[in-house]
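Asks: From the sequence below, what's the structure:
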Amino acid sequence: MRAALCLLPLLSLPAALAIPAPDQTVLGDVPYGDLAGQVVDSVKHAVHDAVEISKSKASKWYDALGRLHVEQHGINYELVSNPVFDQYQLRVTEPDLCDPSVKQYSGYLDIAEDKHLFFWFFEARVNPEEAPLLLWLNGGPGCSSSTGLLFELGPCSVSDNGANVTYNPYSWNTHANVIFLDQPVDVGFSYADDGTSVNTSPVAGKDVYAFLELFLGRFNKYASASFHIAAESYGGTYAPNIASVIHAENQLLARAQAQNKAAPGLLHINLASIMLGNGLTNPYIQMASVPDWACDGPYPVFDDPSGPECEALRTKVPTCQRLLQSCYNFESRLTCVPALLYCNSQIMGPLVQLGLNPYDVRRKCDRSKDGDLCYPQMNWIETWMNTPATKRALGVNPSREFASCNMEVNQAFALQGDGAHNSAKLLPALVEDGVRLLVYAGNADMMCNFIGNERWVEELETRFQKEFAARKGVPWTTSETGNIAGLVRSAGGGGHTAGNVTFVQVYEAGHMVPYDQPEAGLDLVTRWLFDLPISVGVSEGIGGR
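Replies: Numbers count the residues shown, from 1 in each chain. From the prediction side, this is the model:
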């Protein structure tokens, strides 16, 4: 297991790089104009399948509520399907791990019978019937969202070298129903039967949309809640793509409904906001910020901002940006892979070699003791997730092995140049349509630094751009202790809400804000989800920076 970098790690590129990869097949995309016939066909298939169940030797049955179940590997799953998504089904079980006081569901989204995405859901501790719904994604790419669950913001935290878990009083499911999803396939407990994996963020977004439709169709008590996508690190690339797919599908559904052509069972997903924590979203701007953060930031890693190390970094920026601009213009492997390779090796490479924890430069990193990710808890997570009792409770085949990060998935995305694309360009259409955007970043993180994140938000072309540019950061104090936790810049809402476009610099935090500042992390997400001002001084924060 290697470091799961926000910016993709330096990889040796094989000669086969010049050979185009097979096209990804997008499943579950249904033309609305022809839905009626397809739904009838799907219903016929469902009836046929129900008849075949009685003939099959598989252990399947219907419960008293008419819900279909199957037993596999000694585990009882409920099967959930939707005729519109005939290539997808959910297998659901009900664990009682981590925090037995709340309702939980876990299991798999099965895709075309050969790909399987693992999920784990927790109801809110407070008023779950009225709580918003939040989807959490970790990055990598190739890293499990169980890292966020057990190390950062979930109901429990791994402890005792992986032998136990302890209650987390600052869990984000305090006031939200939270889904942790391992995507794409081959991440965490997710897997592909035939070795075929997803290697681009747009394709991954289609699968997540199908998952949400099936999950909310089955558990419709959460379907009317506001829905929020929260993502960290490379999730800054995933989340805009996923949100863009949901937004586009919502628009298609609205047009179909207006023409009385909507398929039964399709739901409007109440996409309310996107939350990006220390993310990689606009590498053209973010890469250029690296010398500024490393040499002039609050935690400089070089002693002299005018010294040779800093000057060398700055000389690499024009070439990096030229290559990234070519990727932005053409969006091909031939332009994006070289950009990714150059920028990571020439700008990020020297910093990663400094012996510091790249996710929190206030700490040293001895990988012989701290592990490849500089946090020994990452190995503890693997220990706990791989215990037979944990796997059985979660609905996981006991023979399947959990790994926090899959570097083959990481490489597959790298060989597509996925991390060099500009995911920020997907956001203005969503913001203009009322989807709120929160970007937050710990100021001690080297991998996706706060300076670059603030700059790309400032340049985001929406109707709030001028207002955001005119704001200066104002202090944010937490509700529980009154500590100053960071600075907030926000546009929209007139100071009476959390804003439509908001950036938060989190003090004394690295790449994983909920781990470094748990009280502040919970305070931030709670205010954001309920659209409350993050700082009472936001409306007064007019003027230069």
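
Asks: Report the mean per-residue pLDDT for stretch 289-296.
Replies: For stretch 289-296, mean pLDDT rounds to 98.

Asks: Now do the end-to-end distance for stretch 342-361.
Replies: End-to-end distance for stretch 342-361, by CA to CA, to the nearest Å: 23 Å.

Asks: again with stretch 414-434
Replies: 33 Å.

Asks: where in the stretch 401-545 of the chain is pLDDT low?
Replies: 536-545 (pLDDT under 70).

Asks: actually the stretch 151-300 of the chain, not the one I typed
Replies: 195-199.

Asks: Swap in 80 and give it another go.
Replies: Along the stretch 151-300 of the chain, the model assigns pLDDT under 80 to residues 194-204.

Asks: How about the contacts made by L529?
Replies: L529 sits next to 132, 134, 175-176, 226, 228, 273 when contact means CB atoms under 8 Å, 6 or more residues apart in numbering. Every residue, glycine included, has its C-beta placed from N, CA and C.

Asks: Let's see stretch 179-193 as CSV, backbone CA atoms only.
Replies: This file holds the C-alpha atoms of stretch 179-193, laid out as CSV (Å, rounded to 0.1, in the frame of the first residue of the first chain):
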residue,chain,number,x,y,z
ILE,A,179,-23.7,6.8,3.0
PHE,A,180,-20.1,5.6,2.7
LEU,A,181,-19.5,4.2,-0.8
ASP,A,182,-16.5,2.4,-2.1
GLN,A,183,-16.2,3.4,-5.7
PRO,A,184,-15.0,2.8,-8.4
VAL,A,185,-14.9,-1.0,-8.5
ASP,A,186,-11.8,-2.8,-6.9
VAL,A,187,-11.7,-0.2,-4.1
GLY,A,188,-12.1,-1.4,-0.5
PHE,A,189,-14.6,-4.2,-0.5
SER,A,190,-15.8,-3.3,-4.0
TYR,A,191,-14.7,-5.8,-6.8
ALA,A,192,-15.1,-6.9,-10.4
ASP,A,193,-15.5,-10.5,-11.3
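
Asks: What residues sit buried inside it?
Replies: 179-192 (16 or more other CB atoms under 10 Å).

Asks: try stretch 284-304
Replies: 284-295, 297, 299, 301-302.

Asks: next one: stretch 151-171
Replies: 151-158, 162, 165, 168, 170-171.

Asks: What are the boundaries of the helices in the stretch 101-250 of the chain?
Replies: In order along the chain, the stretch 101-250 of the chain carries the following helices (DSSP state H, counting those that start in this stretch): 146-148, 201-218, 235-258.

Asks: Now tabulate those in a markdown table and tack on distance to E331 and mean neighbour count.
Replies: Formatted as a markdown table, these follow (distance: least, CB to CB, whole Å; neighbours: other CB atoms under 10 Å):
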| stretch | distance to E331 | mean neighbour count |
| --- | --- | --- |
| helix 146-148 | 29 | 27 |
| helix 201-218 | 11 | 23 |
| helix 235-258 | 13 | 22 |
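
Asks: Export those helices as JSON lines, with columns for distance to M512.
Replies: Output for those, formatted as JSON lines (distance: least, CB to CB, whole Å):
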{"stretch": "helix 146-148", "distance to M512": "8"}
{"stretch": "helix 201-218", "distance to M512": "21"}
{"stretch": "helix 235-258", "distance to M512": "12"}
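
Asks: which of the buried residues of stretch 284-304 lies closest to Y342?
Replies: M287 (9.7 Å; CB to CB).

Asks: Does that closest one touch Q325 like I think?
Replies: No - if you go by CB atoms under 8 Å, M287 and Q325 don't touch, sitting 11.2 Å apart.

Asks: Pick out the most distant pair among the buried residues of stretch 151-171.
Replies: Of all pairs in the buried residues of stretch 151-171, the most separated under CB to CB is G162 and Y170 at 21.0 Å.

Asks: So which residue is dead centre in this protein?
Replies: Nearest to the mean C-alpha position of the chain, by CA atoms, centre = their mean, lies L137 at 2.6 Å.

Asks: if I pick that residue, what's in contact with it?
Replies: Counting by CB under 8 Å, 6+ apart, L137 has contacts 145, 181, 183, 229-232, 235, 238-239, 242.

Asks: Name the nearest of those residues relative to K391.
Replies: So of these, ranked by how close each gets to K391 (CB to CB), first place is S145, at 16.5 Å.

Asks: Count the neighbours of the closest one for me.
Replies: 28 (other CB atoms under 10 Å).

Asks: quick one: it from Y191, how far?
Replies: According to CB to CB, to the nearest Å, S145 stands 15 Å off from Y191.

Asks: swap in A414?
Replies: A414 is 21 Å from Y191, by CB to CB.

Asks: Which parts of the stretch 51-200 of the chain are strands?
Replies: Assigned by DSSP state E, counting those that start in this stretch, the strands in the stretch 51-200 of the chain fall at 60-62, 68-72, 75-80, 88-93, 104-111, 115-122, 133-137, 156-159, 164-167, 177-182, 191-192.

Asks: For Q505, which three-state class applies?
Replies: Here Q505 is recorded as strand under DSSP: H, G, I helix; E, B strand; the rest coil.
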